[in-house]
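1. structure here, sequence nowhere to be found:
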C-alpha cells in the first residue's frame, strides 16, 4: 500500500494557549481570559485560542488515515518549542513533509516515524507538534493498510501485550476545582482532580493553607458523594512549582513537611503532588526532585511526586528515570514529538520501575486523545490523562470510550 496524497486542515483544540510566565508574574484572571501583558515570545495575549492541524494521509485505495498536530497549553515555557499556530506550520508540512511521503510504500510504523523524526530544517528538528500529528497519521496509515487496530500495530512492533482492562484515567478540573470534582466522583474517575494550583496568593496560600482547605473538602466530598466504599480515587494535585515559590525552591525539608501534612489530610486516599518546584533548569530540576523523593521515601510519607517541567523529551524522561527524580514521570505526549517516543518512554519507565503517567495537555484534540488511548492500551502506563479540555465530561468520555472500543475489538480483530 502506498501513500497517494497528504492533505492538511487548520483546526481548534480543546482549550487554549496560556503564557505561563505571564501568569506566574501576576496576570489577573478575568472570567475565561487573563488581564496583563504577555511575556513569552509569540504570544499576543496571555490567553489565546488553541490551534491544531489535521494531517490526512490518503492511501492508494482511498482510505484516509489522520492525526492531529497540537502543542501544550503552556507552549514556549519550561524548555518547550514555541507557540504553534496553524498558518505558520501548514506550509512547512506541505513543503517539507508531504513530498517525502507521497508515493512512499507504507512499511513499519517505526520506520516511518524515524523518517519524520530525522527531518531537519536549518539543522533543527521539526516542531514537536508537527512530529506529533504526522506520526499519529502514519500509525493510522499502517493500521489501515494492515486492516487492524493502531494498538495492534504497536503491540506487534514493540513486542507488548495489549491490556485486558482500561488504564486508570486522570481527570483535570481547571479552575472549576469544586464543581468539576463532583463530575469526577459521579463518573468514578480513578485519579483526580489536578486542581490547577498555579498561583500562591489565590490558590495555594502563603503558607499552603488554601490548598489544605481544598484537599480537606475534596476528601470529605469523595466520601459523602461516592456510591460505594470501593471507590477510592488517587488525589493528584498539580501545584506548578508553587511550593517552591512559597517555601523556597531549595528548602526541601519545609516542602516535604508540607506534603506530609497534606497526605495526612487526604487520608484515606493516596496523594500525588505534581511539580512541587520549578527551578527553570533541567539539571537543577532533576536534582531537586531526586532529593525531595529521597526525603519522602526516607520518612515513608504517603505521597508520590510527579515530574513534569523540564522533563519534555524522551532523553529527558530517561534522565529523570535513571536518577529517580520523582516517583512518577509525566510523559507529556505533545512535547515528545513523534508518538514512537511516547511508546519508548512508557516502556523505559516500566523497565526502570518508575511510574509512567501518559499525560498530555487539555490543549489537544479528540483525535490525538484517541490515538494516545491506543498507545496506552498497548504499553500499560500507570495512568492516562482525560483530554482534551477542562470540562471533565468530554475528555473523560473520549479516552474512556476509545479504550472500551479497543477492549471489545481486540477480541475479534486479529493482526
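-> Cool, got the structure. It should be emphasised that the depicted structure is a prediction, and the values quoted were computed from it without experimental measurement. Numbering: from 1, shown residues only.
2. for residue 406, what are its contacts?
-> Residue 406 is in contact with 149, 151, 162, 373-374, 377, counting by Cβ atoms under 8 Å, 6 or more residues apart in numbering. (Each C-beta comes from the backbone N, C-alpha and C, glycine too.)
3. quick one, phi/psi of it?
-> Per-residue torsions, residue 406: phi -60, psi -50 (degrees, to the nearest 10).
4. ok, now residue 379?
-> Dihedral angles of residue 379 (phi, psi; degrees, to the nearest 10) stand at phi -120, psi -30.
5. who's in contact with it?
-> Applying Cβ under 8 Å, 6+ apart to residue 379 gives the contacts 154, 158, 160, 343, 346-347, 350, 356, 358.
6. mark which of those residues are part of strands, please.
-> Among the contacts of residue 379, the ones falling in strands (DSSP state E) are 356, 358.
7. export the contacts of residue 379 to JSON lines and tack on pLDDT?
-> Shown next, in JSON lines, are those (pLDDT from 0 to 100):
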{"residue": "154", "pLDDT": "98"}
{"residue": "158", "pLDDT": "98"}
{"residue": "160", "pLDDT": "98"}
{"residue": "343", "pLDDT": "98"}
{"residue": "346", "pLDDT": "98"}
{"residue": "347", "pLDDT": "98"}
{"residue": "350", "pLDDT": "97"}
{"residue": "356", "pLDDT": "98"}
{"residue": "358", "pLDDT": "98"}
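8. distance check, residue 293 against residue 323.
-> 9 Å (Cβ to Cβ, to the nearest Å).
9. looking at the two, which is more packed in?
-> residue 293 (20 against 16; other Cβ atoms under 10 Å).
10. pretty sure that one sits against residue 328.
-> No: applying Cβ atoms under 8 Å, one finds residue 293 not in contact with residue 328, separated by 10.0 Å.
11. any residues in contact with both of these two?
-> The contact lists of residue 293 and residue 328 share residue 305, where a contact means Cβ under 8 Å, 6+ apart.
12. out of the contacts of residue 406, which is most surrounded?
-> Scoring those on neighbours with other Cβ under 10 Å, the highest-scoring entry is residue 377 at 29 neighbours.
13. distance check, residue 321 against residue 16.
-> 31 Å.
14. again, but for residue 258
-> For residue 258, the distance to residue 16 - Cβ to Cβ - is 30 Å.
15. repeat for residue 106
-> With distances taken as Cβ to Cβ, residue 106 is found 35 Å from residue 16.
16. same question for residue 247.
-> 30 Å.
17. neighbour-wise, which of those two wins?
-> residue 247 (23 against 20).
18. could you pull up phi and psi at the more buried one?
-> phi -110, psi -10.
19. and the nearest residue to it once chain neighbours are set aside, which of the three is it?
-> Nearest residue to residue 247, sequence neighbours excluded (Cβ to Cβ, 6 or more residues apart in numbering): residue 254, at 4.4 Å. Secondary structure state of residue 254, per DSSP: H, G, I helix; E, B strand; the rest coil, is helix.
20. pLDDT value on residue 254, please?
-> Residue 254 carries a pLDDT score of 97 in this model.
21. if we can go back for a sec, mind checking which of the contacts of residue 379 are buried?
-> Buried members of the contacts of residue 379, counted by 16 or more other Cβ atoms under 10 Å: 154, 158, 160, 343, 346-347, 350, 356, 358.
22. list just the nearest of the residues you listed to residue 25.
-> Closest approach to residue 25 among those (Cβ to Cβ): residue 358, at 31.0 Å.
23. list the contacts of that closest one.
-> Residue 358 neighbours (Cβ under 8 Å, 6+ apart): 167, 331, 333, 342, 346, 372, 375-376, 379, 381, 383-385.
24. count of neighbours near the closest residue in space to it that isn't next to it in sequence?
-> Leaving aside its sequence neighbours, residue 358 sits nearest to residue 381 (Cβ to Cβ, 6+ apart; 4.0 Å). Per other Cβ under 10 Å, the neighbour tally for residue 381 reads 27.
25. cool, and residue 404?
-> Quick note: residue 404 (other Cβ under 10 Å) scores 12 neighbours.
26. tell me if it really is in a helix.
-> Yes: per three-state DSSP, residue 404 lies within a helix segment.
27. pLDDT at it, what is it?
-> 98.
28. now it, nearest residue through space, not along the chain?
-> residue 166 (6.7 Å).
29. pick out the residue closest to the middle of this protein.
-> Nearest to the geometric centre of the chain sits residue 360, at 1.6 Å (Cα atoms, centre = their mean).
30. that one: what's it in contact with?
-> 72, 332-334, 368-369, 372, 385, 387.
31. quick one: it from residue 248, how far?
-> 31 Å.
32. do residue 147 as well
-> According to Cβ to Cβ, residue 147 stands 58 Å off from residue 248.
33. do the same with residue 108
-> From residue 108 over to residue 248 (counting by Cβ to Cβ), the distance is 50 Å.
34. in this structure, which ranges drop under the pLDDT threshold?
-> Confidence mapping of the chain against pLDDT under 70 gives the ranges 78-79.
35. what strands flank the single longest strand found in it, and is each parallel or antiparallel?
-> Secondary structure of the chain per DSSP E: the longest strand is strand 3-18. The strands beside strand 3-18 in its sheet (DSSP bridges) come out as strand 47-59 (antiparallel).
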